[in-house]
Structure formats: C-alpha cells, structure tokens
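Asker: build me a model from this:
(2 chains)
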Amino acid sequence: MMERPVVERRAAALIDHTTAIQAENVHAWFDRLHALRGITMTIPERKVTAVIGPSGCGKSTFLRCLNRMHELVPGARVSGAVLMDGRDIYTPGVDPVQVRRRVGMVFQKPNPFPTMTIYENVAAGLTLAGEGSRKTLDEIVEQSLRAAALWDEVKDRLRKPGTSLSGGQQQRLCIARALAVSPEVLLMDEPASALDPASTLRIEELARDLAKDITIVIVTHNMQQAARVSDFTAFLLDGELVEYGPTNDLFTKPRERRTEDYITGRFG
Amino acid sequence: MIATRPAPGPVEEPSARTGDRQFRVLLATMAAAVPVVIGAILVALISAAWPAIHRFGAHFFVTSTWDPVAGTFGVLPFIYGTLVSSALALLLAIPLGLGVAIFLSELTPGWLRTPVGFFVELLAAIPSVVIGLWGIFVLVPWVRTTLEPVLKSALGFLPLFSGPPLGIGMLAAGLILSVMVVPFIVAVSTEVMRAVPSGQREAARALGATGWETTRTAVLPYARSGIIGAIFLALARALGETMAVTMVIGNVPQIKASLFAPAYTIPAVIANEFTEATDDLYVAALIYAGLVLFIVTVAVNALARLLVNRAARGPSVIRE
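Answerer: Model (predicted):
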C-alpha cells in the first residue's frame, strides 16, 4: 500500500472521527494579556486528546474555554466559537451551567469537598441538579466510583470524609465526581502533576479506559505522559496552536521546527 | 579570602544557646501571664464577693428580687436580660452579617471590596457610648413609634410582642447590640471565606453549580468552623457590652415575656449601681453578679470551642 503524504494523512486521521468539540478562532484574554491567539482545532469524540506546551503557553486557558470556566476569572474574556453538536456554547442564551454539566473537569490539585463524605462528594453534582432519589444516587455513585477505578478501595468506607483518602485516590474521587453527572467530555488539567508515579500511571490508565465512552482532553506539561495516554496531540506555544495531529506522528515526525525543538527538549 | 572570617564552631554555641534559653524563658513567662491574670481575676472576684456568696449561695442564681434596701439580692433577671438581649442580637446579626460577608467575599468586584469593608470595620470602631446616644435619640423613638406598633398589630397575639410600645426595652437593646456585633461577624467571616481555596469554588462550578450553589456547597461548608468562631466572638462581645445597652434597655430587673418590656443586664447593673452601693453586702452582691457574668462568658466560650471542634472535625452525616 502506497504511503500517503504526511499532511494529507493527518487531516484524514482527524476527519475519520466524529467531532466532539470544534474550536474556531478562539481568543482569550486576562485583562490586557492576550493568552490565546486564535485556536482552531477539532477534538474527536471518544479519543484522548492531549494539549502540550511550556508553562504559560495557554494550554490550561484553552481547556477552560471549552467549558466556559475561563470567564469566571475577573477580567477574563473569550472570543471565537466553541461548537458542540454544531452549536456554539458561547451563543448568548446558552447557560454556562448546562455547558459545564456536559463538559466535566478535573483539576491539577485534587479538590474533594472536605466537609463531605466520599459518597457525598461523588453525589455532589447530582444533588446540585436536584436528584433526590436515594436509589438512583446509590446506583450512580457506585457506577461512577467503578468507572474511576476506585470502588473496590472505598466501597466499605463511603461514609468517611473524602479527604481521608490518599492523593491519588482523591484525584480518582474527583474524577468519579465529574463522571457522576454523565458528561460527554471530560477535561483534565494536569491531573497527575501533584501525584506520585504509581498514582500517575493509574490516572493515565483511567484516562485511556474512559475514552471508550467519553471524550477526554488532557493538558499536560509531561510529554511522555502525552505520548503514553493520547490519540491526538496539540502543541501550543505563546497562545498559538503550532501543530496538531495523531500523537505518534507529532512525536516521531513533527512538521514544525518549533515542535521538534520542544519535544526534543531544546526549550520549555 | 576565606581565612578572614572566623569559622563558626563550638566557640559560638554556648552563647547562642544561652540566648535561646533566655528567649524561651521570656516567651514562656509572657504566655503564662495570661492564665495567671485570669486566675487572679477569678480569685479577686470570689474573695470580694464572699459575703454575698456566703449569704445567698446558689439561691442568688434563682432569686428574682433585687432590693438593696431590704438587703435581698438575686441575679436571675440580670442573667435573663443578658442572655436574651445577646440572643436577640445574634438572631438579627447572623443573617445580616453573613449576607454582607458573602457579598464581600463572593460577589463584590475588587474595587468595591475595600471601601465597603472599611465602613464595616469603622462601625466596630465607634465608641459604644456614642452608639448608645444614637440609640436614645434615633433608635428608641423609631422603635416606639414605628417598629413596635407594626410588630404589635401584625404579631400582637404572641406574648413576645404584647404590652405597651415603650421604645426603651429588650427589643431596643437587642437591636443596638446587633448593630455593634455585625462588624465582628462580617470581618471574620469575610476573611475565612476569602481563605477558601479557589479549587473548591472551581470544583463546584465545574459540576454545574450556579454562583449561589457554589457558595452553598463549596464556600460555606469549608468556612464553617471559622464562621462559627466569628459568631461566638460576636456573642462574647454582646454578653459583655455595657454602655449602649444600659442606655436603651430601661434598667428594670424583671423577667417579662414581652420584648417591649424594659429589662436589665449584668454589666449594666454593675456599671449603674457600683458607685451608689453603700453597704458591704450590696457591693459584694454586685461583685457576685460580676462573677456570674464571668462564669456565663467562660461557659459560652467553652461551648463555642466544643462546637467549633465538632464542626471542624468532619463531614456532616448524609441526609437520609
């Protein structure tokens, strides 16, 4: 079989998949600081997409534009479009609260609610949404904890505080909490950077597993992690999307000189 | 040149250790001074109150008569007045104070936070006698002509709001105390809420919480123990407040169900009657009342500490 030209093949690799999120010319500001300068990229459904780049390149900001979390920072602004099911989530009239239920998020530092039990933490999103049936809650809590690979470790102590768990377990608890509201997309903002290597691997395995059912976008400063965990990788630099394509191609045959310099460790 | 500096070694250590030791002794003395002072106050109160303690014993707590002429003294109406006026103050000040604190910590844009916070703290800096004057000339007439008639016509069937609207009385005392303790609740609660890590708010937001839901699920529970601490600080202040309360409460030692009726508090009776206490038993009875106030305050603080510890310890039990 004849090898197709690299660029064409890359485009094809993206086109083959259903789109979960389409970002179009997304700009973001913190007051005067122009943090994102026109990002256009397609995030495929039920794949792991990694966003890499040096500190301050805007990768976290981009992630937070995908579920309208960026605008919560005072002085923050966004322009451009983020399409889900063909509809721009920044259209006036779209409720950011609804967007965030469809696009869940896990943060850099595990942040379980310290006054809540493990059970209450997982159920928090459902309780907020008004789900009152104890039976439903029990079911979803168990499902979510199983999906987050935490059920076996905590099933006998669901009434213990969420903060009684280890750091890695707390992060999986936060993942379970995000999964409980059945999001279509899960954004992970350097989810393992505060964890030890063993816990990091578990989170990575989990991200791969979850991608069977939902779309994962993971921001990481760790290139090995991106290589291990993702199907597609985007490289951001100074608020611009430098290169985007199948992870394997990006790491082995980068098209851009800047990508090559970064992944070979010449800066960043 | 390396050799020009004397090498640090065992020569320097003894003097450094002596300095350490002296410093430690100094600090330990300062720390010990606080419980010693409290103990000394307690001893002084007990010895000065001894004639009254000896005479009335525990009956002092349950007797409602305060008759210097007959030499019969009971502190019950004063305990009642102190506790009820303080409770009333908290009842009004907690919702108001927490509302202001949530506004300042969660909703106020940065440029507005400093001036509003400044005015709230300014309220705490007004001398209580000045607040008392405002109470006499503004608050009490308003209570008499507006608030009490309105309460009476709406809720007059309750014993709480019965009787003639005098203006001066328990209600006015509770109102003026609430004005005085709100700044404490606001200042401390705002600080503890602002200290809640932003990750907690983001966690709630990312689950689809609205602004108020974020405050309710993430901020308030996290800040819970600090807020309870703020409330008890306010309570301690309310229990001990003397001047402003004396000026508006009416100073009648009685226990009436109606909030419109005049009452009396322990600090107020001590301040009002100490200079005219002529015989030893009268003086001793007033000091005994002071001892009771001391005990009440300590008890309230101990209770507060207990509550804070329990609140800080762990998650609430899931609602069944």
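Asker: quick check: B:Val245 touching B:Ala268?
Answerer: Yes - with contact defined as C-beta atoms under 8 Å, B:Val245 counts as touching B:Ala268 (5.6 Å). Just so you know, the C-beta spots here come from the backbone N, C-alpha and C atoms, and that holds for glycine as well.
Asker: more neighbours, these two?
Answerer: More neighbours surround B:Val245 than the other of B:Val245 and B:Ala268, with 32 against 26 (other C-beta atoms under 10 Å in any protein chain shown).
Asker: what pLDDT does the more buried one get?
Answerer: Looking at B:Val245, its pLDDT reads 94.
Asker: once you drop chain neighbours, what's closest to it?
Answerer: With sequence-adjacent residues excluded and distances taken as C-beta to C-beta, 6 or more residues apart in numbering or on different chains, B:Val245 is closest to B:Ala173, at 5.0 Å.
Asker: hmm, B:Gly163 is touching B:Pro262, no?
Answerer: No - the pair B:Gly163 / B:Pro262 is not scored as a contact, 10.2 Å apart, by C-beta under 8 Å.
Asker: these two: which has the busier surroundings?
Answerer: B:Pro262 (21 against 17).
Asker: which residues touch the more buried one?
Answerer: B:Leu166, B:Ile168, B:Gly169, B:Met170, B:Ile249, B:Gly250, B:Asn251, B:Val252, B:Gln254 (C-beta atoms under 8 Å, 6 or more residues apart in numbering or on different chains).
Asker: tell me the one of the residues you listed nearest chain A?
Answerer: Closest approach to chain A among those (C-beta to the nearest C-beta): B:Met170, at 36.3 Å.
Asker: burial measure for that closest one, as a count.
Answerer: 25.
Asker: name the residues that touch stretch B:234-244?
Answerer: So stretch B:234-244 is contacted by B:82-83, B:85-86, B:89-90, B:93, B:97, B:128-129, B:131-132, B:135, B:176-177, B:180-182, B:184-185, B:265, B:267-268, B:270-271, B:293, B:296-297, B:300-301, B:304 (C-beta under 8 Å, 6+ apart).
Asker: need the nearest residue in space to the spatially most central residue of chain A, chain neighbours excluded.
Answerer: Centroid-nearest residue in chain A: A:Leu187, 2.0 Å away (criterion: C-alpha atoms, centre = their mean). Leaving out its chain neighbours, the residue that sits closest to A:Leu187 by C-beta to C-beta, 6+ apart is A:Met105, at 4.5 Å.
Asker: quick one: pLDDT of that neighbour?
Answerer: According to the model, A:Met105 carries a pLDDT of 95.
Asker: just A:Ala192 next, same as before
Answerer: 92.
Asker: wait, it sits on A:Ile203?
Answerer: Yes - taking C-beta under 8 Å as the definition, A:Ala192 is a contact partner of A:Ile203 at 4.6 Å.
Asker: what about the helices in the stretch 1-150 of chain A?
Answerer: Secondary structure of the stretch 1-150 of chain A by DSSP state H, counting those that start in this stretch: the helices cover A:6-15, A:59-65, A:96-102, A:118-128, A:134-147.
Asker: what's the answer for the stretch 201-320 of chain B, then?
Answerer: Using DSSP H, counting those that start in this stretch, helices in the stretch 201-320 of chain B cover B:211-214, B:220-222, B:224-240, B:243-249, B:266-273, B:280-313.
Asker: which of the ones you listed has the lowest mean pLDDT?
Answerer: Across the helices of the stretch 201-320 of chain B, helix B:280-313 gives the lowest mean pLDDT, at a mean of 85.
Asker: for it, which positions count as buried?
Answerer: B:281-294, B:296-297, B:300, B:304, B:308, B:311 (16 or more other C-beta atoms under 10 Å in any protein chain shown).
Asker: poorly predicted segments of the chain, please.
Answerer: Defaulting to chain A. Applying pLDDT under 70 to chain A picks out residues A:1-16, A:268.
Asker: that's the other chain; I wanted chain B
Answerer: Ranges of chain B meeting pLDDT under 70: B:1-16, B:311-320.
Asker: put the alpha carbons of the host helix or strand of A:Gln170 into CSV.
Answerer: Using DSSP states H and E, A:Gln170 sits within helix A:167-179. C-alpha atoms of helix A:167-179 as CSV (Å, rounded to 0.1, in the frame of the first residue of the first chain):
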residue,chain,number,x,y,z
GLY,A,167,-3.7,12.0,47.0
GLY,A,168,-4.1,9.6,44.1
GLN,A,169,-7.3,8.3,45.4
GLN,A,170,-8.6,11.8,46.0
GLN,A,171,-7.9,12.6,42.3
ARG,A,172,-9.8,9.5,41.3
LEU,A,173,-12.6,10.6,43.6
CYS,A,174,-12.7,13.9,41.8
ILE,A,175,-12.9,12.0,38.5
ALA,A,176,-15.8,10.0,39.9
ARG,A,177,-17.5,13.2,41.0
ALA,A,178,-17.1,14.6,37.5
LEU,A,179,-18.3,11.4,35.9
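Asker: return the distance of that helix from the chain's centre.
Answerer: 13 Å (C-alpha atoms, centre = their mean, to the nearest Å).
Asker: got the CA positions of the next helix or strand along the chain from that helix in PDB?
Answerer: Per DSSP H and E, the first helix or strand lying C-terminal to helix A:167-179 is strand A:185-189. Extracted C-alpha coordinates of strand A:185-189, given in PDB (Å, rounded to 0.1, in the frame of the first residue of the first chain):
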ATOM      1  CA  VAL A 185     -16.400  15.400  27.600                       C
ATOM      2  CA  LEU A 186     -14.000  15.300  30.500                       C
ATOM      3  CA  LEU A 187     -11.300  18.000  30.700                       C
ATOM      4  CA  MET A 188      -8.300  17.100  32.700                       C
ATOM      5  CA  ASP A 189      -6.000  19.900  33.700                       C
END
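Asker: can you tell me which residues in the stretch 1-150 of chain A are near chain B?
Answerer: Contact residues, the stretch 1-150 of chain A versus chain B (C-beta under 8 Å from any C-beta of the partner chain): A:67, A:69, A:72, A:74, A:97-98, A:100-101, A:104-105, A:107, A:109, A:111-117, A:119-120, A:124-125, A:127-129, A:134.
Asker: now, of those, which are buried?
Answerer: Listed as buried from the residues of the stretch 1-150 of chain A next to chain B are A:67, A:69, A:72, A:97, A:100-101, A:104-105, A:107, A:109, A:111-117, A:119-120, A:124-125, A:127-128; burial here means 16+ other C-beta under 10 Å.
Asker: what are the contacting residues of stretch B:198-217?
Answerer: By C-beta under 8 Å, 6+ apart, stretch B:198-217 touches A:67, A:69, A:72, A:97-98, A:100-101, A:104-105, A:107, A:109, A:111-113, A:124-125, A:127-129, A:174, A:177-178, A:181, B:102, B:106-107, B:218-219, B:222.
Asker: then stretch A:197-214?
Answerer: By C-beta under 8 Å, 6+ apart, stretch A:197-214 touches A:46-48, A:147-149, A:166-168, A:171-172, A:175, A:179, A:183-186, A:188, A:191-192, A:195, A:216, A:218, A:225, A:228-229, A:231.
Asker: what is the neighbour count of the residue nearest to B:Val245?
Answerer: B:Ala173, neighbours per other C-beta under 10 Å, totals 34.
Asker: got it, and B:Gly199?
Answerer: A count of nearby residues for B:Gly199, using other C-beta under 10 Å, gives 16.
Asker: same question, the one 5 residues further on
Answerer: Other residues near B:Ala204 number 25, with proximity taken as other C-beta under 10 Å.
Asker: equivalent analysis for the one 10 residues further on, please.
Answerer: The number of residues packed near B:Thr214 is 21, by other C-beta under 10 Å.
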